[in-house]
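1. After the sequence you'll find the predicted model.
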Amino acid sequence: MCFFTADGEESTMSHAKEVLGPTAESIAKKAEETEDDPSLYFFCAEADEIADSLRDFARIPDDDNVLVILDIPAGKVFVSDAEEVTPQVLEQFVNDYHNGALCGRNLRWAHLCTQLHF
């Protein structure tokens, strides 16, 4: 689960951490209680070379703040279409992912399109 930010400003990164915090803590606590790995790992990505490369690879829009779940084992990318990113939006996005209610794009196809410049 990655919150890609449109800029690397301190206020934007602080907002991203506030949004991710409650859900990330809940999932970490559940994993600890069950002695399992967390179902998702949470990251904030500011506008830098690594984030830009990942956005290009997965064909993630680069002009806005966006929530993305990269499911590498399944080869899928799930991009939230929420206009505003809030803790409630994130929680719903994660719940929809866990419940199989999201329609993701094939990550392999996204990568191939990037290589072929589609």
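-> Happy to help now that I have it.

2. ok, residue 40 - how many residues close by?
-> Counted with other CB atoms under 10 Å, the burial measure for residue 40 works out to 19 neighbours. C-beta here means a position set from N, CA and C on the backbone, and glycine is covered the same way.

3. Please name the nearest non-neighbouring residue to it.
-> Excluding its sequence neighbours, the residue lying closest to residue 40 (CB to CB, 6 or more residues apart in numbering) is residue 1, at 4.5 Å.

4. How about residue 12?
-> Excluding the flanking residues, the one nearest residue 12 by CB to CB, 6+ apart is residue 5, at 4.8 Å.

5. just residue 106 next, same as before
-> Excluding its sequence neighbours, the residue lying closest to residue 106 (CB to CB, 6+ apart) is residue 75, at 6.1 Å.

6. contacts for the longest strand seen in the chain?
-> Looking only at the chain and at elements set by DSSP state E, the strand with the highest residue count is strand 66-71. With contacts defined as CB atoms under 8 Å, 6 or more residues apart in numbering, strand 66-71 is touched by 1-4, 40, 54, 58, 60, 76-80, 82, 85, 89-90, 93-94, 97, 102, 104, 107.

7. hey, where'd the strands end up in the chain?
-> Defined through DSSP E, the strands belonging to the chain, from first to last, are 2-4, 43-45, 66-71, 76-79, 105-106.
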